[in-house]
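# Sequence first, predicted model second:
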Amino acid sequence: MNPVLTAMFATLGTWFVTALGAATVVFFKNPNPTTLNRMLGFASGVMIAASFWSLLEPAICEAEAVSALPAWFVATVGFLCGALFMWVSDKVVTAARRQTDDADARTRSNRIAMLVLSVTLHNIPEGLAVGVAFGALQNGFSRESMMGAVSIAVGIGLQNFPEGAAVSLPLRREGRSRLRSFLAGQASGMVEPIAGVVGALSVVCIRPILPYALSFAAGAMILVAVHELIPECQRNQSAKPYAATTGIVLGFAVMMLLDVMLG
C-alpha cells in the first residue's frame, strides 16, 4: 500500500469528520455539551497515548538506526519544534482574532473568514501528524505501526467533529443559512489532506528526517491535547463533572491497549 495515498485517504477521512461536525447545524443549534465533552476527552486521551507509543518511541528507535546524533537529542529537538510550531500558530491566530475584534470597520464577512482561518491554521500540524505516521510505513510495515497511524487519524478525526461544529454553529446563531454555515465549517478541514500528503512525501523521500518528523508530530499533538482539548472538555460539566475525565482515561487506555497488544 502506497503510504502517500494512504495518508491522503486518511486525512480525507479526518476532513469528512470535520464536515460531519459542521453538519450538526442542519439538525440542531446546540449539540449536547456532555457528549461533546466526552468526545473531546476521549480524543485527547488517544492523542496523548499515541504521541508516545506511535510517535516518540518509533522516533527514538529510528534515530538509533539512521542518525549520527544521540537518539534522545533527536527526539527532544523534534518534540520541542513540534510544540513550538503549534505555539507560534496559536499566537498568530490569537493576534489576528484580536485585530478583528478591535476593528469596528471590519465587515461580518471578514470576521467569519477569520474564524474559518483560525481553525484551518490549527488543522495544518494535525494533517502533518497523520501524514508523517503513514509515511513512516514506507520504512517497515507492521501491524503495530499501521495501527498507530490509524489510531492517530481516528484521534484527530474525533476532535475534528466538535471543531466543525464550533465553526458552523456560531455562524448559524448569527443568522447565516444552514448551507452557508455548513460550508464554512467543513472548509476548515480542507487543509488536512494537503498537509497529510506533504508530511508523508517528506518522510518517504528523505528518510533521515523521519525521527525528527515523528517527534515533531508528537510535540504538536501533545500541545493540542493539553492546551486546547483538555481545558475545552472540562468546561460546562457541573452536572456531570467526571464525564470528560472518563473520556480522557478511556481514550488513553484504548490507545495503550491497542499499541501494546499489537506490539
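Sure, I can see it.

# Would you map the strands across the protein?
Using DSSP state E, the chain contains no strands.

# Look up how far M221 lies from the residue lying closest to G155 once chain neighbours are set aside.
Closest residue to G155 apart from its sequence neighbours, by CB to CB, 6 or more residues apart in numbering: V46 at 3.6 Å. Bear in mind the C-beta positions are built from the backbone N, C-alpha and C, glycine included. Look at V46 and M221: by CB to CB, to the nearest Å, they are 10 Å apart.

# Between those two, which contacts overlap?
Common contacts of V46 and M221 (CB atoms under 8 Å, 6 or more residues apart in numbering): none found.

# Please identify which of these two sits among more neighbours.
Neighbours per residue, other CB atoms under 10 Å: of V46 and M221, the larger number sits with V46, 31 against 28.

# Who are the contact partners of the more buried one?
151, 154-155, 158, 251-252, 254-255.

# one more time with 10 Å, if that's ok
V46 makes contacts with 54, 151-152, 154-159, 221, 225, 247-248, 250-256, 258, as judged by CB atoms under 10 Å, 6 or more residues apart in numbering.

# Sort out for me which of these are in helices.
Secondary structure from DSSP state H places 151-152, 154-159, 221, 247-248, 250-256, 258 of the contacts of V46 in helices.

# Could you tell me which of those count as buried?
Taking 16 or more other CB atoms under 10 Å as the criterion, what is buried in the ones in helices among the contacts of V46 is 151-152, 154-159, 221, 247-248, 251-252, 254-256, 258.

# I'd guessed A7 sits against A200; true?
Yes: if you go by CB atoms under 10 Å, A7 and A200 touch, sitting 3.7 Å apart.

# so what sits against both of the two?
127-128, 130-137, 149.

# Give me the pLDDT value at the residue lying closest to V4 once chain neighbours are set aside.
Nearest non-adjacent residue to V4, counting by CB to CB, 6+ apart: A200, 4.5 Å away. Note for A200: predicted pLDDT of 85.

# count of neighbours near A200?
Neighbour count for A200, taken as other CB under 10 Å: 32.

# Do I have it right that it meets I194?
No: A200 sits out of contact with I194 when judged by CB under 10 Å, with a separation of 11.1 Å.

# what sits in contact with each of these two?
Taking CB under 10 Å, 6+ apart as the criterion, A200 and I194 both touch 8, 11, 127-128, 131.
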